[in-house]
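J.: what follows is a predicted protein model with its sequence.
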Protein chains: 2
Amino acid sequence: MNNSPIGVFDSGLGGLNVLKELIVELPNEKYIYLGDTKRFPYGQKSTESIIEIVKENIEFLIQKGVKIVVIACGTATSQALDVVKNLYDIPIIGIIEPTVLNLRERIEESNNMIGVIATKGTIRSCAWEKKISEYMPNAEIISEAAPLLATMAEEGWTNNKVAEYTVKEYMKIFKNVDKLILGCTHYPLFKELMQKELPHKTEIVDTGVELAKYLKKKISGYDLETSNTEIGGYEIYLTDVNEEFANSATGILSDYIDISQINKVEL
Amino acid sequence: MNNSPIGVFDSGLGGLNVLKELIVELPNEKYIYLGDTKRFPYGQKSTESIIEIVKENIEFLIQKGVKIVVIACGTATSQALDVVKNLYDIPIIGIIEPTVLNLRERIEESNNMIGVIATKGTIRSCAWEKKISEYMPNAEIISEAAPLLATMAEEGWTNNKVAEYTVKEYMKIFKNVDKLILGCTHYPLFKELMQKELPHKTEIVDTGVELAKYLKKKISGYDLETSNTEIGGYEIYLTDVNEEFANSATGILSDYIDISQINKVEL
């Protein structure tokens, strides 16, 4: 048992999709959310830069007293998790391994075709391909970089004509996949538009949902679950505060978030 | 007189729009073009990072023996030019001052309404606003950040539905401006789409055209013009080489560019 908060970070608001799912699965936990909006986007930064940034984010959360860090960002997971996970005394969890482990449990392994859509940095790292091949050696993998989607999400452009045509373009190569993994935590904001472009049989895999289910199963194994029986709640910290974020956060968390509730932090 | 080449750099292919105009105005000069595609986009990076990157780019061009450096990038000009221009023995020229000086010469100053569209970093720096206010104190300025356009240009998405709707969205606030300055060198690729959304009277100001005209007037003042009477030609260096760049470069320079003609450089 441990009543300290769980730390969650992302380059911007994508990680709120993960936070939302964590609150569903583990509502009594308290959360500290860090959105690194000043340094957004991570998707086209070098691996060295991402590792430095990820360390700073983790150290900020550790200073806030968290018992576990969730890297709620595909790019940061793919490029920095392996380097940073053994540097600290608390567990650091990313979005890739939990998603792949859950998938392996629930799909017929033979001949599955799995699509991965993510940022350029993530696709270049082949992190998804490596993990899928490790746990599901017979799966066929199709991957694509979608450099516009995360920026569109941060702009709040998730349901206009631009979003519609961008998604249509990016979905073209995924018409035959059984599962489409959203390898960037910003992408669930486009899930409905994506589903329209794909056959019914295609399951869109939201890494936030997968991570939250995984952590719910694992947290008692770490002996880190809270003894709190009330709703735990959350605090939001951003490296660059703007009104747009508050509006989008209100939409994602279905919880009215006023800009005055958002804390500014210098990293 | 000086027969050394002119160095031109950008975060990607946007600077090719500047190179094209330089070739029109100063065809006998030889050019070295550096596209920093590996570190693209600059638009959302911190000022400190941009200054470091700009120094590396300038030093690469100086090693190549250039007599002058053209910063063919709005973000790099707005955030680094003032810091780096006195660090080297050769002239360093950006896109902002030449554009504003040319504009002042050709417009009725009173009551002009000037729009500026650029990356987030450029808009945040207020570099255009400062320079316009300095030279044209009565001009009214409307500015807007357009974080999607440079990435769309690098993807080759300049003439599809996504581009069309994105431009439509960004043009909304510029319906009443007399001049619209394209504060990022990638944006001339969207000029036709923009013109469709704006009244006929609105002049779209291409910073590449302005810079080239300015340099043509100034180069003899620096005593740096070439004595060469043939076409000078150019060499292209990229920090990350990809097929898409060769295709786009062919389109921009109206000159067939094969990927084998592009040199890879590590910075």
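T.: Happy to help now that I have it.

J.: residues from the stretch 1-150 of chain A in reach of chain B?
T.: A:38-41, A:44, A:46, A:49, A:147-148 (C-beta under 8 Å from any C-beta of the partner chain). Glycine gets a C-beta too; all of them are placed from N, C-alpha and C.

J.: let's go with 6 Å and repeat that
T.: A:147-148 (C-beta under 6 Å from any C-beta of the partner chain).

J.: all helices of the stretch 1-150 of chain A, in order?
T.: With DSSP state H, counting those that start in this stretch, the ranges of helices along the stretch 1-150 of chain A come out as A:15-25, A:47-63, A:74-84, A:96-106, A:120-125, A:127-135, A:149-154.

J.: among those, which comes closest to B:Lys55?
T.: B:Lys55 lies closest to helix A:47-63 among the helices of the stretch 1-150 of chain A, at 16.5 Å (C-beta to C-beta).

J.: what about the closest one, average pLDDT?
T.: Average pLDDT, helix A:47-63: 95.

J.: can I get it as PDB, trimmed to CA atoms?
T.: Extracted in PDB, the C-alpha atoms of helix A:47-63 (Å, rounded to 0.1, in the frame of the first residue of the first chain):
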ATOM      1  CA  THR A  47      16.800  10.600 -29.500                       C
ATOM      2  CA  GLU A  48      19.400  12.400 -27.400                       C
ATOM      3  CA  SER A  49      17.100  15.400 -26.900                       C
ATOM      4  CA  ILE A  50      14.200  13.200 -26.000                       C
ATOM      5  CA  ILE A  51      16.200  11.300 -23.400                       C
ATOM      6  CA  GLU A  52      17.300  14.500 -21.800                       C
ATOM      7  CA  ILE A  53      13.800  15.800 -21.700                       C
ATOM      8  CA  VAL A  54      12.300  12.600 -20.400                       C
ATOM      9  CA  LYS A  55      14.800  12.600 -17.500                       C
ATOM     10  CA  GLU A  56      13.800  16.200 -16.600                       C
ATOM     11  CA  ASN A  57      10.200  15.200 -16.700                       C
ATOM     12  CA  ILE A  58      10.700  12.200 -14.500                       C
ATOM     13  CA  GLU A  59      12.800  14.100 -12.000                       C
ATOM     14  CA  PHE A  60      10.100  16.800 -11.700                       C
ATOM     15  CA  LEU A  61       7.500  14.100 -11.000                       C
ATOM     16  CA  ILE A  62       9.800  12.400  -8.400                       C
ATOM     17  CA  GLN A  63      10.200  15.800  -6.700                       C
END
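
J.: angles on the backbone of A:Ile257, please.
T.: phi -120, psi 120 (degrees, to the nearest 10).

J.: ok, it - contacts?
T.: A:246, A:249-250 (C-beta atoms under 6 Å, 6 or more residues apart in numbering or on different chains).

J.: export those residues to CSV and tack on neighbour count and secondary structure?
T.: Shown next, in CSV, are the contacts of A:Ile257 (neighbours: other C-beta atoms under 10 Å in any protein chain shown; DSSP: H, G, I helix; E, B strand; the rest coil):
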residue, neighbour count, secondary structure
A:Ala246, 20, helix
A:Ala249, 24, helix
A:Thr250, 13, helix
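
J.: for B:Lys213, state which of the residues you listed is nearest.
T.: Out of the contacts of A:Ile257, the member with the shortest distance to B:Lys213 (by C-beta to C-beta) is A:Ala246, at 44.8 Å.

J.: which residue is the nearest non-sequential neighbour of that closest one?
T.: A:Ile259 (4.3 Å; C-beta to C-beta, 6 or more residues apart in numbering or on different chains).

J.: how far away is A:Tyr33 from chain B?
T.: A:Tyr33 sits at a distance of 20 Å from chain B (criterion: C-beta to the nearest C-beta, to the nearest Å).

J.: residue contacts, that residue?
T.: Contacts of A:Tyr33 by C-beta under 6 Å, 6+ apart are A:8, A:19, A:234, A:236.

J.: picking that back up, count residues in the vicinity of the residue nearest to A:Ala246, would you?
T.: 14 (other C-beta atoms under 10 Å in any protein chain shown).

J.: then A:Pro137?
T.: A:Pro137, neighbours per other C-beta under 10 Å, totals 8.

J.: any stretches of chain A with poor pLDDT?
T.: A:109-111 (pLDDT under 70).

J.: strands of that one, residue ranges please.
T.: In chain A, the segments counted as strands under DSSP state E are A:6-10, A:31-35, A:68-71, A:92-93, A:113-118, A:140-145, A:179-182, A:203-206, A:234-238, A:262-264.

J.: most packed of those?
T.: strand A:6-10 (a mean of 28; mean count of other C-beta atoms under 10 Å in any protein chain shown).

J.: direction included, what does it pair up with?
T.: strand A:31-35 (parallel), strand A:68-71 (parallel) (DSSP bridges).

J.: a markdown table for those, including distance to B:Glu210?
T.: As requested, the strands paired with strand A:6-10 are exported to a markdown table (distance: least, C-beta to C-beta, whole Å):
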| stretch | distance to B:Glu210 |
| --- | --- |
| strand A:31-35 | 38 |
| strand A:68-71 | 45 |
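
J.: quick one: closest of those strands to B:Pro91.
T.: Nearest of the strands paired with strand A:6-10 (C-beta to C-beta): strand A:31-35, 41.6 Å.

J.: put the alpha carbons of that closest one into CSV.
T.: The C-alpha trace of strand A:31-35 is given here as CSV (Å, rounded to 0.1, in the frame of the first residue of the first chain):
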residue,chain,number,x,y,z
TYR,A,31,-2.5,11.7,-10.1
ILE,A,32,0.1,14.4,-11.0
TYR,A,33,-0.1,15.2,-14.8
LEU,A,34,2.8,17.0,-16.5
GLY,A,35,2.2,18.3,-20.1
